[in-house]
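S.K.: I'd like to go over a predicted model; first the sequence, then the structure.
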Amino acid sequence: QVQLAESGGGLVQPGGSVRLSCAASGFTFSINKMAWFRQAPGKEREFVAGIMWGLGSTSYADSVKGRFTVSRDNAKNTMYLQMISLQPEDTALYYCAAGPGWGGIGRAESYGSWGQGTQVTVSS
């Protein structure tokens, strides 16, 4: 079993930046991919960005391309999400997820482990 813990959320002004972290513990050898999802009030959870743990290849939702960067530190078992040029529509609870397998990086059902989420609020 894998445990995930997010950190780094908070209140940021429009145009600002923030970096989220997701630390994995437990059976980390089982992780093949990790991703960030977000859920805004009244909306469904949506894929934001993902990364293959071994190769480091990445995938992004169209809405965040060019603004968000996902990365990982294998030695620390930690994934990051650097977010710049934040807009009010980026306000959401951000979750990290980890899963086995090679496919479905953008699909929530591909992940078996989830963190509790960290809130990002973009407001002036």
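M.R.: Alright, I've got the coordinates.
S.K.: for the residue minimising distance to the centre of the chain, grab phi and psi.
M.R.: Geometric centre of the chain, nearest residue: residue 36, 2.1 Å, by CA atoms, centre = their mean. Reported as degrees, to the nearest 10, the phi and psi values for residue 36 are phi -110, psi 130.
S.K.: which residues does it form beta bridges with?
M.R.: residue 49, residue 96 (DSSP bridges).
S.K.: state the distance from it to residue 23.
M.R.: 14 Å (CB to CB, to the nearest Å). Yep, even glycine has a C-beta here, placed from its N, CA and C like the rest.
S.K.: just the pLDDT at the closest residue to residue 101 other than its chain neighbours, thanks.
M.R.: Distance criterion CB to CB, 6 or more residues apart in numbering; nearest residue to residue 101, sequence neighbours excluded, is residue 32 at 5.7 Å. Residue 32 carries a pLDDT score of 91 in this model.
S.K.: ok, now which ones touch residue 32?
M.R.: 52-54, 99-102 (CB atoms under 8 Å, 6 or more residues apart in numbering).
S.K.: ok, now with 6 Å
M.R.: 53, 100-101 (CB atoms under 6 Å, 6 or more residues apart in numbering).
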